[in-house]
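Engineer: sequence? don't have it. structure:
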């Protein structure tokens, strides 16, 4: 469930145009940093999320849903609503 929690958080924050850091996703998922980074890596390989570095602080990495990720989350949420 940590991966789904991350995807939902990215979906929510996308609506508000907020940037989400890897640290924030780790906290949301409630897992250790190494586990969170591994999950983010898997989501990235599947084309669901993309990472980018902060312009102000290169130590900070942001994660965002890709178009594919957005479509997948919307599809799941629509099915749950039926």
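Structural biologist: Received the coordinates, thanks. Please read these numbers as outputs of a predicted model, since none were measured by experiment.

Engineer: Enumerate every residue touching residue 39.
Structural biologist: Residue 39 makes contact with 2, 3, 6, 29, 31, according to C-beta atoms under 8 Å, 6 or more residues apart in numbering. Bear in mind the C-beta positions are built from the backbone N, C-alpha and C, glycine included.

Engineer: neighbours around the fourth one, how many?
Structural biologist: In terms of burial, residue 29 registers 19 neighbours under the definition other C-beta atoms under 10 Å.

Engineer: now the second one
Structural biologist: As a burial measure, residue 3 scores 18 neighbours (other C-beta under 10 Å).

Engineer: looking at this, it is in a helix?
Structural biologist: Yes - under DSSP: H, G, I helix; E, B strand; the rest coil, residue 3 falls within a helix.

Engineer: quick check, nearest of the contacts of residue 39 to residue 63?
Structural biologist: Closest approach to residue 63 among the contacts of residue 39 (C-beta to C-beta): residue 6, at 7.7 Å.

Engineer: List the buried residues of stretch 18-28.
Structural biologist: 20, 22, 24, 25, 26, 28 (16 or more other C-beta atoms under 10 Å).

Engineer: Among those residues, which ones are in helices?
Structural biologist: Among these, the members falling in helices (DSSP state H) are 22, 24, 25, 26, 28.

Engineer: got those residues as TSV, with pLDDT and distance to residue 37 columns?
Structural biologist: Formatted as TSV, those follow (pLDDT from 0 to 100; distance: C-beta to C-beta, whole Å):
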residue	pLDDT	distance to residue 37
22	94	7
24	93	13
25	94	9
26	95	8
28	91	14
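
Engineer: hey, where'd the strands end up in the chain?
Structural biologist: 20-21, 49-53, 61-65 (DSSP state E).

Engineer: ranking the ones you listed by burial, who's on top?
Structural biologist: When those are scored by mean count of other C-beta atoms under 10 Å, the highest mean neighbour count falls to strand 61-65 (a mean of 19).
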